[in-house]
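S.K.: I would like to see how this sequence folds:
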Amino acid sequence: MKVQFLLREVEVLRGTVVEEPGQDLPDSTDTLNKSQLDKIVIRAADLDQMFTNTNSSAAEVIDEHLVTWRSLGELQSQNQRLLCIARDLATQLEEHEREEKETAARVSELTLRVETLSGELDVVRMTAREARTETQAVTRQRDMYRALLNRYDIEVSRLEDESMEEKATCESANENAIQLFDSDVPSGPGGKHPAARSSSDGNTNTTNAERLEETLASLDTEFKRYREDKLESDKIYTTTIEQLRKESSEARLLNQKLAAQLDFSHEKLRIMETNISGYKQEITVLREMNARYSTSAAASEAELARLREDLLRTSDKLLEVEVDARHSARQLELARANETRWKQENEALRRQDQMHTQLMHQLEAIQGNLEQRESHDRSLLDRRVSQLEKQLTEAQSAFTEASQSCKTIKQTLEQELELTRQKLADEQAEAERLRTQLTASEQELNELQPKKDAKAVTTSEESNEHVMHEIAMESASRIRELQSEVDGLRMRLDSARQQTEQMRALATEAETRLVETTEENKQLEQRLSQELNENKQSKSWCEFLEAQLDLEKKERQNLVNENIRTTEEAHHMNAELRRELTDLQSDLESVRARCESALQLEAGAKAEIEAHERFAQEAREKYERELALHAQDVEASSLTEARKQADDLKTQLGDLQRHCSAAERKAQAATDELTAQNTQWQSERERLTEKLQQSDKDQSLLQEQLIRLTQQLISLRRVMEHTEEKDSMPSPSSTDAADSSGLGDLKTSEDLMQLVNYLRRQKNIAEASCDATAAENSRLLLRIASLEEQTDHLRTELNRERKASELATETTQRHSELMERVEQLNLVTESNRLLRHERETLRENLTEMENQVSKPPLGHNERDELQRKLRRTEEELQHVQNKLNELRGELEGRIRKFEQDLTEANNSRQDAEKRCSEYSVQCDSLRKDLETRETTVVKLREIGRKYRQETETLRRQLAANQSDESHRQSIEEALTEARADVVNLRADLSVERTQKSQLAADLQDISQIIEELKTNTSFSAIMTSIPTTSSDSMDSVAHSVVGTLRATFTALSTEFDRLHQQAEVQRERLLRLMLIESQLTKALRENTELRSRLTEIHLSQPIRPVQPSVSANSSCVTSMVRKPYWLVVILGIFYVSFRHLECLFVQLTLGLAERFASS
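M.R.: As a prediction, the model looks like this:
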C-alpha cells in the first residue's frame, strides 16, 4: 500500500492522471451490459495469470539482456528500460490490486443486492400469497354468489372468470421465475470467491471465469425473465396502487373537507371568542354606564327629595299663614261658646253614665240566664246519654242470648244431618243389594226353560212361588223398617220446624227491638233538632247582645268625641295662656331694660317712681287676681271634668273586659265539655259498630249454614225420588208415604228459604237503619264542629273589634292630648296678647316716667315690681316645662302601646289568613268528596241496572227452564244474592244521599254565615263589595261559597292594610309633633339663655352710675342727658330679639294647629 501511495504521488507530480478506484464502476446493477461484464472477466483472468501464478521464476520475468550491458550508456539505457519495466509492473500491480478491490466491492455489492432482492422477493411472495388468499376468498364468494344466482336462475357473464384465470396464470409464472432466480443466485458468489482465491492455477481461473460467464449469462436471462414478470406484476400492482391511490385521494379529499370544516369551526370559535370579548367589553361599558346612571339617578332622587322638602316647607308656611288667619277668627267664637258647651256636656255625660249602668245590669242578668240554661241543658244531655247507654246494654244482652240459642240449634241440626246421612248411606247400600238380588233372580228365571215335564214345571212353579213369597215377605219387612225410619225423620222434621218457629219468634223479637232502637234514634234526632233550635235562639240572643254592644260602642264613641272636644278647648285655653306668658316674658324683659334705665335715673326721680310703683302694683295685683281666678275656674271646670270622664270610661272598659274574659272562659269550658262528650260518644259508637259487625258475621254464618242445610235436604229429596222411581213395588202405602215425605221435604225447604230470605231482609233493613243513624251522627258531629268553628270565628272577630276599639280609644286620647296641647298653646298666645296690651300700657307709663326722670324713688319701686314679675314668670315657665316633660313621657308610652297593638293586629291577621286557607282547603276537600260520591252513586246505579238486567235474564231462563229443578234452584240462589246486592246498593245509595244532603246543609250553613257577616255592621261594607252569583247546582253553590270566602279574606286583608296605613300616617304625625316639641324646647332654651344674659347685664349695669362724682352741675346735666340714648339703644335691641322669638313661637303654634286640623 505504501508503494502504491508513493507511486501514485510520483505520477501525480509528473503530471499524469491517475484514475480513482471504483470511478468507472456503474451505479446500479440495472445498467450492466454483457460487454462490460466480459471485459471485467478478461481483465481479472489476465491479472490472475500474471500475478497470482506463484510457480514463475525470476528468469522468466527478467530477460538475459537485462543483466548484461556493453557500456555505461547501454547500462544506463538498460537501467532506464528496467526502470520503465518496474514502473509498468508497479502500475500493473496497482491496477491488479485496484481491480481486486473493485471486484471484491462489486461482489459485496452484488451479494448485498442479491440479498436485498431476495428479501424483496420474499416480501413480494408474501404479498402474492396474501393476494392469492384474498383472490381465493373472492373466488369463493364469487362461487357462492354464482351458486345463489344460479339457484335463483340469474345469468352471469364469463369475462370475469377468464380475467381471473389469466391473473392466476401470470402469478404462477412469476412465482416460478422467482424460485428459479433464487435457486441460481447463490451459485454466483460461490463461483467468484474460489476464483479469487485460487491464484496459482490458470486453468482453474479460466474455468472459474467460464463458470462466471455462464452464471452471468443465466443470471442475465433470468433477470430479463424476472423483468418481464416484474413488469406484469408491476402492472397488476399499479392497478391495485391506482385503486389505492384513488381511495387515498378520496380519503384525502375527505380529510381536506374535514380539515376545512375544522378550520371553519376553529374560525367560528375564534369569531365567537372575539364576539364574547366584545360582549364582555360591552357588558363592562354597560355596567359603567349603569353605575353612572345609578349615581345620576341617586343625585336626581336627592334633588327631588330636596325639592319635595322645599315644597313641604313652602306648603307648611302657607298652611301656617292660613291657620293664623283662621285661628284669629275662631278664638273669639270658641271663648264665647265654651261655657255653654261645658254645661251641656256635663248633663250629657251624667245621662250616659246612667244609661251605661243600666246596660251593665241588663248584661249581667242576661249572663246569669245563659249560665242557668247551659247548666239545665247539660243535665238533660247527661240523663239522655245514661238512658241510651242502658238501652244499648239491654240490646247487647238480648243479642248475645239470641246468638247463643242460634248456635245451639245449629249444632243440633248438624248432628241430626250427620245421622240422617249415615242412615241414607246404609239404606242405599241395602237397596243396591236388593236390586242385585232381584236381577240375579230374574236372570235365573229366564234361564229356566219350559222343556221339562209337567211335574218338573209344577215343581219349578211351586219353588218359584215359594221364592217370590219369601222375597215379598223380606221386602215387606224392609219396607216396614223404612217406613219406621221415615216416621222418625218426620218427627225430626217436625222438631226442626218447631225450632224454626222459635227462630222466627226470636227474629220478630229482634225486629221489635230494632224498631224500638229506630224510634229511640228518631227521638234523639228530635231532641238534637230541639237543641239546635235552642242554639239558634241563643245565637239570635247573642246577635241581639252584639247589637246592644254596638249601640254602647257608638255611645262610647260619642262620649269620646265629646271628650276630644273638651280637650281641644282646654288646649286652646292653654295655648292662649302660653301666648300671654310669652307676651309677659317679652314685656318683663323690656321692663328689665327700663328698670336699668330707671336705676340710672334713680337719683333724680324717686318720689314719682314710688307713686307710679304703687299704682302699677295695685293694677298688677288686680290683674293677677283676675288671671288666677280665671285659670282656676278653667282648670277646675274643664280639666277635672275631662279627667273624671276619662277615669269613668277606663273603669267601664275594665269592667267590660272582665265580663268578656269571664264569658270567654265559660265558653271555653263549654267547648271542652262538648269535646269530651263527643269523644265519649265516638268511643261508644265504635264499640257498637264492632258489636254489630260481629253479629253480622254470626248471622251470615247462620245463613250460610241454613243454605247448606236446604241444599242437603234438596239432595236427599232427589235421592229419595230416584230411589222411589227405581223401586217397582206396587205397595200403595209406600208410595203414599213417599209422596207425603217428598211434599214435607219440599215444604220444609221452602219454609227454610222463606226464613232465610226474611232474615236477610231484616238484616238489610237493620244495616240500612244503622248506616242512617251513623250518617246522622256524623252529620251532627260535623254540625257541632262547624258551630265550634263559628264560635271561634266570632271570638276572633270580637277580639279584633275589641282591639280596634282600643286602638280607636288610644288614638282619640292621643288626639285629645294633642288638642289639649294646642289649646294650651292658644291660651299662651292669648296670654301673650294680654301681656302685649299690658306692655303697651307699661310703655305709656315709661314715657311718663321718662318725662318725670327727676323722681328716683319711683324707679326703685318699679324695679322691685319687675323683679317680682320675673320670678313669677320664671316659676310659670318651670311649671310649663314640667308639664311638657310629662306630656312627652305620656306620648312615648302611648307610641309604645300603639306599636304593640300593631304587632298584635299583624299576628291576628296572620291567624285569620291561616284560618281562611284552612277554610278554602276544607271547601276543596268537601267538593272532591261530593264529586267522588256522585261518581260512586252513578256507578252504583249502573251496577243496579246491570243487576236488574241479570235478574230479567234469570227470570227468562227460569220461565224457559222450569223443568230443570237444579238449574232453577241455582237461579233462585243467584236471584237471592242479586236481591241482597240490590238491597245493599240501595242502602249505599241512601247513605250517599244522606251524605249529599249533609254536604248541602253544610253549604247552606256556610252561606248563612256569609249572610250574617253581610248583615253585621262591621263587615257590611266589606261584604257588599263581594260579587254574588245565583245558581241552583251544588257545584256552583260550592264554588260561589269558596269565592265569597276568598273575597272576604281579600277584603279583610285590604281593610287591614288600610288601617295599617292610617296607623303609619298617625305615627308620622306624632313624629312631626315630637319634632315641633323639640323646636319648642330649643326656643325655650334660647329664651333662658337670653334671660341669663339680661340678668348678667342687669347685674353689670348698676355699678356704673354708683361711682362717686364730685363734679360740677354741668357734668351731672350732661350725664343725665347722655344716659337716655344708651338705654334706648339697649331696649331696641332687646325688643327686636323678643319680636323674633315671638314670630318663631307663633309659626310653631300655627304648624301644630294646622297638623291637628288636617288629622
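S.K.: could you say what helices and strands the helix or strand encompassing residue 892 packs with?
M.R.: Assigned by DSSP states H and E, residue 892 falls within helix 857-960. Where contact means 3 or more Cβ pairs under 8 Å, 6 or more residues apart in numbering; DSSP states H and E, helix 857-960 is packed against helix 454-600, helix 606-634, helix 732-851, helix 965-1015, helix 1034-1100. Placement of C-beta: from N, CA and C, glycine included.
S.K.: quick one: average pLDDT of the second one?
M.R.: Confidence for helix 606-634, expressed as mean pLDDT, is 67.
S.K.: Then the fourth one?
M.R.: Along helix 965-1015, the predicted local confidence has a mean pLDDT of 68.
S.K.: same check, this time on the first one
M.R.: When the per-residue pLDDT values of helix 454-600 are averaged, the result is 70.
S.K.: next one: stretch 383-394
M.R.: 78.
S.K.: Pull the number of nearby residues for residue 124.
M.R.: 19 (other Cβ atoms under 10 Å).
S.K.: what's the distance between residue 815 and residue 822?
M.R.: Distance of residue 815 to residue 822, given as Cβ to Cβ, to the nearest Å: 10 Å.
S.K.: Return stretch 910-928 as CSV; C-alpha atoms alone will do.
M.R.: This file holds the C-alpha atoms of stretch 910-928, laid out as CSV (Å, rounded to 0.1, in the frame of the first residue of the first chain):
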residue,chain,number,x,y,z
GLN,A,910,-101.8,36.1,60.1
ASP,A,911,-104.1,33.8,62.2
ALA,A,912,-107.0,35.0,60.1
GLU,A,913,-105.1,34.2,56.9
LYS,A,914,-104.3,30.7,58.1
ARG,A,915,-107.9,30.1,59.0
CYS,A,916,-109.1,31.3,55.7
SER,A,917,-106.6,29.0,54.0
GLU,A,918,-107.9,26.1,56.1
TYR,A,919,-111.4,27.0,55.2
SER,A,920,-110.5,27.0,51.5
VAL,A,921,-108.8,23.6,51.9
GLN,A,922,-111.9,22.2,53.7
CYS,A,923,-114.1,23.5,50.9
ASP,A,924,-111.9,21.9,48.3
SER,A,925,-111.9,18.6,50.1
LEU,A,926,-115.7,18.7,50.5
ARG,A,927,-116.1,19.4,46.8
LYS,A,928,-113.8,16.5,46.0
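S.K.: pLDDT (mean, whole number) over it?
M.R.: On average, the pLDDT along stretch 910-928 is 73.
S.K.: shift numbering so it begins at 22
M.R.: With 22 as the first residue, the last one maps to stretch 931-949.
S.K.: which residues touch residue 797?
M.R.: Neighbour list for residue 797: 542, 546, 1015 [criterion: Cβ atoms under 8 Å, 6 or more residues apart in numbering].
S.K.: Would you mind giving me the ChimeraX syntax to select the buried ones in the residues you listed?
M.R.: Selecting only the buried entries of the contacts of residue 797 in ChimeraX, with 16 or more other Cβ atoms under 10 Å as the criterion:
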select :542,1015
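S.K.: Could you export the contacts of residue 797 to TSV, including columns for distance to residue 522?
M.R.: Output for those, formatted as TSV (distance: Cβ to Cβ, whole Å):
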residue	distance to residue 522
542	30
546	36
1015	37
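S.K.: closest to residue 101 among the contacts of residue 797?
M.R.: For the contacts of residue 797, the residue nearest residue 101 by Cβ to Cβ is residue 1015; the value is 161.8 Å.
S.K.: What separation is there between the closest residue to the closest one other than its chain neighbours and residue 507?
M.R.: Using Cβ to Cβ, 6 or more residues apart in numbering and skipping the chain neighbours, the partner closest in space to residue 1015 is residue 796 (4.1 Å). Distance, residue 796 to residue 507, using Cβ to Cβ: 54 Å.
S.K.: Any idea how many residues pack against the residue nearest to residue 801 when sequence neighbours are not counted?
M.R.: With Cβ to Cβ, 6+ apart as the criterion, residue 801 has its nearest non-adjacent residue at 5.9 Å, and that residue is residue 549. Residue 549 has 18 neighbours, counted by other Cβ under 10 Å.
S.K.: Relative to residue 231, how far out is residue 549?
M.R.: Residue 549 sits 148 Å away from residue 231, going by Cβ to Cβ.
S.K.: Please apply the same query to residue 665.
M.R.: Taking Cβ to Cβ as the measure, residue 665 falls 167 Å from residue 231.
S.K.: Check residue 791 too.
M.R.: Counting by Cβ to Cβ, the gap from residue 791 to residue 231 is 138 Å.
S.K.: neighbour count winner among those two?
M.R.: More neighbours surround residue 791 than the other of residue 791 and residue 231, with 19 against 14 (other Cβ under 10 Å).
S.K.: nearest residue to that one other than its sequence neighbours?
M.R.: residue 713 (6.1 Å).
S.K.: average pLDDT across the host helix or strand of that neighbour?
M.R.: Following DSSP H and E, one finds residue 713 within helix 661-747. The average pLDDT within helix 661-747 is 71.
S.K.: again with stretch 340-355
M.R.: Mean per-residue pLDDT for stretch 340-355: 70.
S.K.: can you check stretch 386-399 too?
M.R.: The average pLDDT for stretch 386-399 rounds to 78.
S.K.: Return that stretch as PDB; C-alpha atoms alone will do.
M.R.: Extracted C-alpha coordinates of stretch 386-399, given in PDB (Å, rounded to 0.1, in the frame of the first residue of the first chain):
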ATOM      1  CA  ALA A 386    -128.900  39.400  84.100                       C
ATOM      2  CA  ILE A 387    -128.500  38.000  80.600                       C
ATOM      3  CA  GLN A 388    -125.300  36.200  81.500                       C
ATOM      4  CA  GLY A 389    -127.000  34.700  84.600                       C
ATOM      5  CA  ASN A 390    -129.800  33.400  82.400                       C
ATOM      6  CA  LEU A 391    -127.400  31.900  79.900                       C
ATOM      7  CA  GLU A 392    -125.500  30.100  82.600                       C
ATOM      8  CA  GLN A 393    -128.700  28.700  84.000                       C
ATOM      9  CA  ARG A 394    -129.800  27.500  80.600                       C
ATOM     10  CA  GLU A 395    -126.400  25.900  79.900                       C
ATOM     11  CA  SER A 396    -126.400  24.000  83.300                       C
ATOM     12  CA  HIS A 397    -130.000  22.800  82.600                       C
ATOM     13  CA  ASP A 398    -129.100  21.600  79.100                       C
ATOM     14  CA  ARG A 399    -126.000  19.800  80.400                       C
END
